[in-house]
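> kindly return the folded structure for what I paste below:
(2 chains)
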2 protein chains.
Amino acid sequence: MANTKTLYQHGTLALLVPGLLDGTITMKELLEHGDTGIGTGEGLDGELIILDGVPYQVASDGKVNVVKDDFTLPFANSHFGEYRNLTTVDALSPKELETKILAMTSSNTFFSIKVHGTFTNMKTRAVKKSHKPYATLGKTAEDQSIFVQESVEGTLLSYYSPTIFDGAAVGGFHHHFLSDAHDFGGHVLGFGGATGSVMIQQFDTLEQHLPVNNPDYMNFDFSDWDILSDIHKAES
Amino acid sequence: MANTKTLYQHGTLALLVPGLLDGTITMKELLEHGDTGIGTGEGLDGELIILDGVPYQVASDGKVNVVKDDFTLPFANSHFGEYRNLTTVDALSPKELETKILAMTSSNTFFSIKVHGTFTNMKTRAVKKSHKPYATLGKTAEDQSIFVQESVEGTLLSYYSPTIFDGAAVGGFHHHFLSDAHDFGGHVLGFGGATGSVMIQQFDTLEQHLPVNNPDYMNFDFSDWDILSDIHKAES
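Below is the predicted model of the structure:
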């Protein structure tokens, strides 16, 4: 039986910061840990969102592709979906939405949110794939495309990490989006208002998997890097 | 088959800091995730060390007890032992031992060390159990006993956590000790020299389990606490 209490994470945000962008897990392996998820491809190749077992990639040209089993990722989350209805919302900003959710659930464990509905002024980004030797996360992420839709129906898939795990994950919410038409999405930079249903799934376990077979990661000296401050810059 | 690549962790050091000291996992449950481990009891009731499936508690009166299945813990690590020989050491200080180990393995993933041999001037501590309402970790840990043996044979069991996971775990090494005679041990404050064999087991996964059924934890507001600085004070 699928374990619906565990959030699987491959890699950590910390390793992206200095540019350890090798793909160290295949999509096939990632899907063994869930049918729902987010991530990025090797060299920050677009923004991934997995819904109902189908892995969509929003590429930097704006196209939405379904990726193959052998697509690799340096960083990703997945879990087996078993959401429950939490609430409905009407034209809430990201800040209002997050505040409303946190008033209804504990912020001391990992959880996922799925909002399906209509979003106004949805603004997303997708980073362009870079190649070895990789630059830092900050530098690589500068080469990104930004997409905006005035009104779009779709799914906002979010993970929340307690701030005490800041570094391993991004403390707080991390939102990806895919339109119902499968023609628009990415890492969410902002939106005007969200109207629709909000579902939640709370986890009791983070299964943190590290790329121990990747020498670049294993031999890297993190001691000179201010990882947390760089994460907050790149992910905001 | 036992998973020897995963380090299981129940609770986080962060929750101990403000004094969330309820026992939220039983020893029976903890042993389902490993035959080797460390931890502390409810209310910081002594220092636990699990060797070959046997859970020993060094209590604040210095006695070493084997605890029962229903003994509860707020924080613990366990894993299924499958160590390999790393090296032998001769009269190394804790600092020299740690430096030697880190020169031979990556510091970017979790691992465990087992040193069996003779230790000079081994200094350990065990905290005295406190009761609800609990004080902070710093305050509770003040009520501790310190034990010293000039020369003792035994096992040093250590976990190493990458500093990028500081907060969830103690970044760096965390050492517990048990004498071969099972009459002395605890959380290691220091030793003169370690002479013996060093074994290592590297993990690729941290399975971080949180006490989601404990309302005190789930409702706690961590935002006013400088968790990291308090951890470094209490664990040094």
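
> pull up the residues of chain A that are close to chain B.
Proximity of chain A to chain B (C-beta under 8 Å from any C-beta of the partner chain) is limited to residues A:12, A:14, A:106, A:108-110, A:162-168, A:202, A:204-210, A:212, A:217-220, A:222-223, A:227. Every residue, glycine included, has its C-beta placed from N, CA and C.

> can you say which of those are buried?
By neighbour count, with 16 or more other C-beta atoms under 10 Å in any protein chain shown, those hold A:12, A:14, A:106, A:108-110, A:162-168, A:202, A:205-210, A:212, A:217-218, A:220, A:222, A:227 as buried.

> can you tell me the centre-most residue of chain A?
Nearest to the mean C-alpha position of chain A, counting by C-alpha atoms, centre = their mean, stands residue A:38 at 4.0 Å.

> name the SS class of it, please.
The three-state label given to residue A:38 by DSSP: H, G, I helix; E, B strand; the rest coil is strand.

> partner residues bridging it?
With DSSP bridges as the criterion, residue A:38 is bridged to residue A:49, residue A:77.

> tell me how far it lies from chain B.
According to C-beta to the nearest C-beta, to the nearest Å, residue A:38 stands 19 Å off from chain B.

> list the contacts of that residue.
Going by C-beta atoms under 8 Å, 6 or more residues apart in numbering or on different chains, residue A:38 touches A:47, A:48, A:49, A:50, A:76, A:77, A:157, A:159, A:174, A:176.

> quick check: what element follows the helix or strand the last one falls within along the chain?
This means residue A:176. In this structure, residue A:176 sits in strand A:172-179 according to DSSP states H and E. Next helix or strand after strand A:172-179 toward the C-terminus (DSSP H and E): strand A:185-190.

> any idea how far the helix or strand following that following strand is from the chain center?
Next in sequence after strand A:185-190, counting helices and strands by DSSP H and E, comes strand A:193-202. With C-alpha atoms, centre = their mean, to the nearest Å as the basis, strand A:193-202 stands 16 Å off its chain's centre.

> quick one: mean pLDDT for strand A:193-202?
Mean pLDDT, strand A:193-202: 98.

> buried set for that strand?
Quick answer for strand A:193-202 (16+ other C-beta under 10 Å): A:193, A:194, A:195, A:196, A:198, A:199, A:200, A:201, A:202.

> swap in stretch A:76-89?
A:76, A:77, A:78, A:79, A:80, A:81, A:83, A:86, A:89.

> ok, these vs residue A:101, which is closest?
Among the buried residues of stretch A:76-89, residue A:86 lies closest to residue A:101 (C-beta to C-beta), at 7.0 Å.

> burial count for the closest residue to residue A:53 other than its chain neighbours?
Nearest non-adjacent residue to residue A:53, counting by C-beta to C-beta, 6 or more residues apart in numbering or on different chains: residue A:35, 4.1 Å away. Counted with other C-beta atoms under 10 Å in any protein chain shown, the neighbours of residue A:35 add up to 16.

> give me the three-state assignment for residue A:223.
helix.

> residues in contact with it?
So residue A:223 contacts residue B:163 (C-beta under 8 Å, 6+ apart).

> could you check how far it is from residue B:95?
Distance from residue A:223 to residue B:95, counting by C-beta to C-beta, to the nearest Å: 16 Å.

> residue A:88 is in contact with residue A:198, isn't it?
Yes: at 6.7 Å, residue A:88 and residue A:198 qualify as touching, with contact defined as C-beta atoms under 8 Å.

> what bits of chain A have low per-residue confidence?
For chain A, the stretches flagged by pLDDT under 70 are A:1, A:167, A:228, A:231, A:234-236.

> please, which helix or strand holds residue A:216?
Assigned by DSSP H and E, residue A:216 falls within helix A:215-218.

> would you map the helices across chain A?
Remark: helices of chain A, listed N- to C-terminal, are A:13-16, A:27-31, A:94-104, A:137-142, A:215-218, A:227-235; assignment by DSSP state H.

> to residue B:149, which of these lies closest?
Short answer: helix A:215-218, nearest of the helices of chain A by C-beta to C-beta, at 37.0 Å.

> contacts for that closest one?
A:15, A:20, A:22, A:24, A:210, A:211, A:212, B:106, B:108, B:109.

> and those, which is closest to residue A:189?
Looking across the contacts of helix A:215-218 and measuring by C-beta to C-beta, the closest to residue A:189 is residue A:15, at 22.8 Å.

> surely the closest one and residue A:75 touch.
Yes: using C-beta under 8 Å, residue A:15 makes contact with residue A:75 at a distance of 7.2 Å.

> from residue A:38, how far off is the closest residue to residue A:90 other than its chain neighbours?
Closest residue to residue A:90 apart from its sequence neighbours, by C-beta to C-beta, 6+ apart: residue A:195 at 5.2 Å. Using C-beta to C-beta, residue A:195 is found at 22 Å from residue A:38.

> likewise residue A:221?
According to C-beta to C-beta, residue A:221 stands 28 Å off from residue A:38.

> again, but for residue A:183
For residue A:183, the distance to residue A:38 - C-beta to C-beta - is 19 Å.

> how about residue A:227?
20 Å.

> how about residue A:153?
Distance, residue A:153 to residue A:38, by C-beta to C-beta: 19 Å.

> residue A:11 too?
12 Å.

> repeat for residue A:203
14 Å.

> tell me the bridge partners for the residue nearest to residue A:90.
residue A:118.

> surely it meets residue A:91?
Yes: assessed by C-beta under 8 Å, residue A:195 is found in contact with residue A:91 at 5.5 Å.

> which residues touch the residue lying closest to residue A:146 once chain neighbours are set aside?
In space, and not counting its chain neighbours, residue A:146 is closest to residue A:125: 5.1 Å by C-beta to C-beta, 6+ apart. With contact set as C-beta under 8 Å, 6+ apart, residue A:125 has these partners: A:47, A:144, A:145, A:146, A:147, A:186, A:187, A:189.
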